[in-house]
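Visitor: need a 3D model of the following:
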Amino acid sequence: MVLYVDTSMATIQFREYIPGYCDGVTPRRVGAVGQAELLATPWIASRISGDLVARNGEIRHKPFHRFSLDDDTLIAEYDDGHSWTVLGYIEHGREHVNLPKWVMHPDAKIAIREWNKGNTAFDDGRFATWPLV
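Guide: Numbering: from 1, shown residues only. Next up is the predicted model:
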């Protein structure tokens with residue numbers, strides 16, 4: 001199923017991030033007139049309620065911290081920036097989005113290495129879409 005949105009009047013074109021290991025899932029696309037409209041998109045705005053993390057049999061709520069950008073990548077940050085989720089990419093209209101620059105929290109590299117059992121390949125965090133504990 002392909003989801004299309006009328007983007008003829010939009011100043012921002014946004015495409016949802018879908019991990020490469022997901023087959024048969026089509027990324028949603030959004031056309032927004034401005035940053036407020038983009039962040040008000042229901043499946044983006046729903047991230048403000050926080051994130052639930054299940055790890056080692058424990059479920060933990062991570063409170064929403066802020067939206068931020070890494071180049072053209074929209075990120076939802078949780079738990080004062082200790083964890084994050086990549087939401088998608090601004091394909092057009094980046095100049096209309098004014099959000100803080102995403103910077104990996106210093107404690108996150110330790111958590112990423114623990115999650116990846118010592119593998120340092122993801123130390124920059126750009127591909128870390130899992131919630132860190």
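Visitor: when you work out contacts or count neighbours from here on, use the C-alpha atoms and nothing else.
Guide: OK.
Visitor: any idea how far apart the tips of stretch 23-42 sit?
Guide: 23 Å (CA to CA, to the nearest Å).
Visitor: next, count neighbours for the closest residue to Ile12 other than its chain neighbours.
Guide: Closest residue to Ile12 apart from its sequence neighbours, by CA to CA, 6 or more residues apart in numbering: Gly93 at 4.4 Å. For Gly93, the neighbour count with other CA atoms under 10 Å is 18.
Visitor: isn't Gly93 right next to Gln13, touching?
Guide: Yes. Applying CA atoms under 8 Å, one finds Gly93 in contact with Gln13, separated by 6.5 Å.
Visitor: any idea how far Trp43 lies from Gly57?
Guide: Trp43 is 27 Å from Gly57, by CA to CA.
Visitor: cool, and His92?
Guide: In this view, His92 and Gly57 are 41 Å apart by CA to CA.
Visitor: can you check Leu69 too?
Guide: Applying CA to CA, the value for Leu69 to Gly57 is 32 Å.
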